[in-house]
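Q: just a sequence and a predicted model for now, questions to come.
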Amino acid sequence: MSHIVIIGAGLGGVIMAYEMKAKMRPEDTLTVVNLGAVYSFVPSNPWVAIGWRDRKDTSVDLTDIFRQHNIGLRTEGAKRVRPDKNQVELNGGDVLEYDYLIISTGPDLAFDEVPGLGPAANTQSVCHVDHAVEAKKAFDQLVKKPGPVVIGAVQGASCFGPAYEFAFMLDTALRRAGIRDQVPITYVSPEPYVGHLGLDGVGDTKGLLESAMRERHIKWITNARVTNVDPETMHVEQLNEDGTVKAEHDLAFNYAMLLPAFRGVAAVLGIEGLTNPRGFITIDKYQRNAAFPNVFGIGVCVAIPPVGKTALPVGVPKTGFMIESMVTATAENIGALLRGEEPQAVATWNAVCLADFGDEGIAFVAQPQIPPRNVNWSSQGKWVHLAKIGFEKYFLGKVRSGKSETFYENLALDILGIKKLKEIHIEPDE
């Protein structure tokens, strides 16, 4: 009999619980540790921030669902991992013993690394549903008092899709409110070019996103280092490719939303052998940590080196399908170990992404996610907006069902019409 513990019940942790449950032996037990019992669908946060969704629309209480599937749930949250003792110390003092540990915590949001950044200071965020709810209040004030807006991400960020989405959704919402002409929008990012996305682009994301920004009168500053944010002014240094300062910008704003850099959570930060200096879990191709082979990492919390050299730190995003492939590989490998076999499953790390603009959007497929790729495709249209809505309903339905299906692969099958995602070949007219 083995006890498997998963830390984190976000996008990766929930599907990890379902897939792990399907691969365990009948005598094994599974416990999920999370701060609270509610799963929130993070991709919907930009919609919450402008009032197109309410938090209850995008959240699921896991208590009864996990109980029905015989999955333990500890809602105190993890205080500290003790991999040398095979223990997880919980907030409150209890200690869980484990045979296998899966870390799926997501990131700590490093707002403190830029003075004045974050919901507790001078900018909004869509990284958490609580932040999105507060951002909606600020959006309501912007509608009452229109003025300049700054949207984007700071140096070290590794998740740029929501920043692009929010800039375009905000444009759509302001046009519908009849005040877009009173709200100049500037996109600010450490990316070396628009559409880099931490992936050195996918297909023609550079051309598609630049064109969309021009059409919607959104200005941009790339290679941008945010030095500090005052209550109504953002201070930005624009760098040359060699890292020297090209220009300085003092951007006045009535509303600002910037994504922060990520780092590892406090429960794992600084554990020698487990994490890199930034606090992300180091893993091998089987999702397993080298120093502690009974510890696995999945999702945003794992360490992945950046794609190429850039003037400013630009991290690699861990997109949904990439996370799902990590989940499937981890479940397969722990299942093998439980049965006395060696791990063999390797995550594919492909990407199928839908970036909603509020009335249209851009989709891209990258196989693998990190270049060079076998498939490097992107497309734009109103169908992307509709597909994103369908995806939200699809994924939340699967979370409520407790099934161990591969959600993103089925998304591709159902929405994108791709018959075999792992061997995908997309023709230009598709």
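A: Sure thing, it's come through. Numbering: from 1, shown residues only.
Q: which regions of the stretch 151-300 of the chain sit below the pLDDT cut-off?
A: Residues of the stretch 151-300 of the chain meeting the criterion pLDDT under 70: none.
Q: ranges for the strands of it?
A: For the stretch 151-300 of the chain, the strands defined by DSSP state E, counting those that start in this stretch cover 185-188, 218-221, 224-229, 233-239, 245-252, 255-259, 262-263, 295-297.
Q: looking at these, which is closest to S104?
A: For S104, the closest of the strands of the stretch 151-300 of the chain is strand 295-297, at 7.6 Å, according to C-beta to C-beta. Backbone N, C-alpha and C define where each C-beta goes, glycine included.
Q: next structured bit after that closest one?
A: helix 320-338 (DSSP states H and E).
Q: mean confidence score for that next one?
A: For helix 320-338, mean pLDDT rounds to 94.
Q: to the chain's geometric centre, what's the distance from that helix?
A: Centroid separation for helix 320-338 versus its chain: 18 Å, with C-alpha atoms, centre = their mean, to the nearest Å.
Q: what do you get for stretch 311-324?
A: 8 Å.
Q: in contact with the closest residue to G299 other than its chain neighbours, which residues are there?
A: Among residues not flanking G299 along the chain, G12 sits closest, at 3.4 Å (C-beta to C-beta, 6 or more residues apart in numbering). Shown in contact with G12 (C-beta atoms under 8 Å, 6 or more residues apart in numbering): S104, G106, I298, G299, V300, I323, M326, V327.
Q: hang on, G12 is in a helix, isn't it?
A: Yes: according to DSSP: H, G, I helix; E, B strand; the rest coil, G12 belongs to a helix.
Q: circling back to that earlier point, most packed of the strands of the stretch 151-300 of the chain?
A: strand 295-297 (a mean of 28; mean count of other C-beta atoms under 10 Å).
Q: tell me the helices and strands packed up against that strand.
A: The criterion is 3 or more C-beta pairs under 8 Å, 6 or more residues apart in numbering; DSSP states H and E, and the helices and strands that strand 295-297 contacts are strand 100-103, helix 320-338.
Q: quick one: which of these is nearest L174?
A: That would be helix 320-338 among those, by C-beta to C-beta, at 28.1 Å.
Q: okay, P231 and A252: tell me how far apart.
A: 11 Å (C-beta to C-beta, to the nearest Å).
Q: could I get the helices and strands packed on strand 295-297 in a markdown table, plus columns for mean neighbour count and distance to H128?
A: What follows is the helices and strands packed on strand 295-297, written out as a markdown table (neighbours: other C-beta atoms under 10 Å; distance: least, C-beta to C-beta, whole Å):
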| stretch | mean neighbour count | distance to H128 |
| --- | --- | --- |
| strand 100-103 | 28 | 19 |
| helix 320-338 | 24 | 17 |
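Q: tell me which of those lies nearest to L312.
A: Of all the helices and strands packed on strand 295-297, helix 320-338 comes closest under C-beta to C-beta, at 22.9 Å.
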